[in-house]
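Engineer: Model the following, please.
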Amino acid sequence: DKFFENFNYYKAIELYEKAVEKGDMSAHVLTRLGDAYYNNSISDKAAYWYGNALTEHKNIDPEYLYKYIQSLRSIGNYEEADKWFKELSAAQVGDSRLKGYNPDEVDIYNMLT
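Structural biologist: Predicted coordinates:
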């Protein structure tokens with residue numbers, strides 16, 4: 001955690017991944033891995049670790065769900081991002097980050113072409 005808190009994300013990633021190899025699949029370790037990759041704009045790895053955190057643990061802070069959605073969108077996985085967006089919307093009624101976006105009304109695929 002000291003490396004993470006001092007913004008040395010690459011060293012933090014190395015140590016958190018070793019913790020996972022040893023069997024530590026705690027929400028803390030998985031979300032820290034997601035955050036370390038997210039903060040370095042390595043979206044595919046961030047999505048992987050956030051996805052693991054959401055699969056392994058049911059009561060994850062909605063902030064990680066938001067970052068998971070952003071990571072999925074960053075790698076072009078809009079369908080999965082939209083699925084999770086609906087979950088986040090249900091959990092975070094009134095969250096200003098969600099305002100104006102409705103995956104049922106927006107054809108994201110045509111917006112990109």
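
Engineer: Now do the same contact list for the residue nearest to Y68 when sequence neighbours are not counted.
Structural biologist: Leaving aside its sequence neighbours, Y68 sits nearest to Y50 (CB to CB, 6 or more residues apart in numbering; 3.7 Å). The C-beta positions use only the backbone N, C-alpha and C, and glycine is treated the same way. Applying CB atoms under 8 Å, 6 or more residues apart in numbering to Y50 gives the contacts 30-31, 34, 38, 64-65, 67-68, 71.

Engineer: Tell me which helix or strand in the protein has the weakest average pLDDT.
Structural biologist: helix 108-111 (a mean of 45; mean pLDDT, DSSP states H and E).

Engineer: Y37 is in what secondary structure piece?
Structural biologist: helix 27-39 (DSSP states H and E).

Engineer: Can you dump the C-alpha atoms of that helix in PDB for me?
Structural biologist: Coordinates of each C-alpha in helix 27-39 appear next as PDB, following Å, rounded to 0.1, in the frame of the first residue of the first chain:
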ATOM      1  CA  ALA A  27     -11.500  -6.700  -2.500                       C
ATOM      2  CA  HIS A  28      -8.700  -4.400  -1.400                       C
ATOM      3  CA  VAL A  29      -6.100  -6.100  -3.400                       C
ATOM      4  CA  LEU A  30      -8.200  -6.600  -6.500                       C
ATOM      5  CA  THR A  31      -9.500  -3.000  -6.600                       C
ATOM      6  CA  ARG A  32      -6.000  -1.600  -5.900                       C
ATOM      7  CA  LEU A  33      -4.700  -3.600  -8.900                       C
ATOM      8  CA  GLY A  34      -7.600  -2.100 -10.900                       C
ATOM      9  CA  ASP A  35      -6.800   1.400  -9.700                       C
ATOM     10  CA  ALA A  36      -3.000   1.000 -10.300                       C
ATOM     11  CA  TYR A  37      -3.600   0.000 -13.900                       C
ATOM     12  CA  TYR A  38      -6.400   2.600 -14.300                       C
ATOM     13  CA  ASN A  39      -4.100   5.400 -13.100                       C
END
